[in-house]
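**Q** structure for this input, please:
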Amino acid sequence: MSTSIRAQCRAVDLGSVRVGAGPAVVIGGPVAGSDACRLGLRDHHGGVSAAEAIAELRSRWPGPLLVEPFSAADLPAVREAADGVIVGAAWMQDFQLVRAVARLGLPVVVQRGPGATLAEWLAIAEYCVAEGNEQVVLCESGTRTHLGGVSLDLALMRAAKERSGRPVIVDLGGDPALAAAVVAAGADGLMLSADADVAEASEAVTVVGALVRPEAPDSVDAARSAIDKVDAALAVLLERRAGLAGAVQRLKPVGGFAGRDPARERALVAAMARRAPRLGAGRLGRVMKAVIEAGLEVSEEERRAGG
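**A** Below is the predicted model:
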């Protein structure tokens, strides 16, 4: 990526949620675990007024709200009550509506239309910029398969992020199962349908994001939030390690504390120290001693409980 593109990289604020800096965000239904909520007015096919639909959702969701309009008639209500606008994949090339959306002055999420190339996708973002709106987030929405699933192009997502210098999120529809892979691929956020399991996606953002998305918090609260995510990932890994340690104990000729292998433990700590030089072998040795002994205790308890 060139220096000029790097200079253009910046986060976009959707209300109180920042996309493109810090943790990946979850945009879903008006439920716990969502950082922002989406509302598709196209789902109503114009049968419900934009003001009515937005007001109903606002009564249940006080946080950041993204709205996909049905037509230009919806835009005054969107400008009045939303924190961002979604240019849906189905009408990505409705240039007049795209320009009208950009002129609202709200952040714009541009979904990639079915079969749209990278150049075509980025061109829509440039239409928004031409209208004086630099607050653009790209959204990979994939292609619907004949089985009803979604085929996502994560390589294209990464290319869009590198070429444009803009945040990129991924629309998973109603299937949060790909959340971990999407976050690992570098997505700045996930978008889910209103009926999707937001908790599953949020867990992936927390655990996987702690491993692959370095944060640079600028306040005590932000730093504590980042620590909470790392601690959540640690808990998942420690639980998994305890299970694997139990499997080893069952397979070894001599299990439990009597079967400990000091040479292997020293090699383990040395390998970890190469990945965590700030902590060093001495501190990591103390940490791993506690981790190993805790795992052996759990294994012994489970052995006794199982008879």
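
**Q** could you use CA atoms for every contact and neighbour count after this?
**A** OK.

**Q** ok, Ala242 to Ala263 distance?
**A** Ala242 is 20 Å from Ala263, where distance means Cα to Cα, to the nearest Å.

**Q** neighbour count for the two, which is higher?
**A** Ala242 (20 against 8; other Cα atoms under 10 Å).

**Q** the more buried one: which element?
**A** helix 220-251 (DSSP states H and E).

**Q** repeat for Arg38
**A** With DSSP H and E as criterion, Arg38 is part of strand 36-40.

**Q** so where do the helices sit in the stretch 101-250 of the chain?
**A** Listed in chain order, the helices of the stretch 101-250 of the chain (DSSP state H, counting those that start in this stretch) span 118-130, 154-164, 179-184, 198-212, 220-251.

**Q** nearest to Glu301 among those helices would be which one?
**A** helix 220-251 (10.2 Å; Cα to Cα).

**Q** which other helices and strands contact that closest one?
**A** helix 198-212, helix 280-305 (3 or more Cα pairs under 8 Å, 6 or more residues apart in numbering; DSSP states H and E).

**Q** in contact with Leu156, which residues?
**A** Neighbour list for Leu156: Leu118 [criterion: Cα atoms under 8 Å, 6 or more residues apart in numbering].

**Q** pLDDT score assigned to it?
**A** Note on Leu156: pLDDT of 94.

**Q** how near is the residue lying closest to Val291 once chain neighbours are set aside to Met288?
**A** Residue nearest to Val291 in three dimensions, not counting chain neighbours: Leu238, with 7.8 Å by Cα to Cα, 6 or more residues apart in numbering. Using Cα to Cα, we find Leu238 at a distance of 11 Å from Met288.

**Q** same check on Val183?
**A** 28 Å.

**Q** low-confidence ranges, the stretch 101-250 of the chain, go.
**A** 144-150 (pLDDT under 70).

**Q** burial measure for Trp61, as a count.
**A** 17.

**Q** could you look up the SS state of it?
**A** Taking DSSP: H, G, I helix; E, B strand; the rest coil as the rule, one finds Trp61 in the coil state.

**Q** surely it touches Ala32?
**A** No - with contact defined as Cα atoms under 8 Å, Trp61 does not reach Ala32; the gap is 10.0 Å.

**Q** would you agree Leu279 is in contact with Ala273?
**A** Yes - contact criterion Cα under 8 Å: Leu279 and Ala273 qualify, at 7.0 Å.

**Q** which of those two has more neighbours?
**A** Ala273 (18 against 13).

**Q** residues in contact with that one?
**A** For Ala273, counting by Cα under 8 Å, 6+ apart, the contacting residues are 279-281, 284.

**Q** and the angle for the helix or strand hosting Glu52 with strand 36-40?
**A** According to DSSP H and E, Glu52 maps onto helix 50-58. Angle of helix 50-58 versus strand 36-40, following axes from the mean of the first three to the mean of the last three Cα atoms, to 10 degrees, is 150 degrees.
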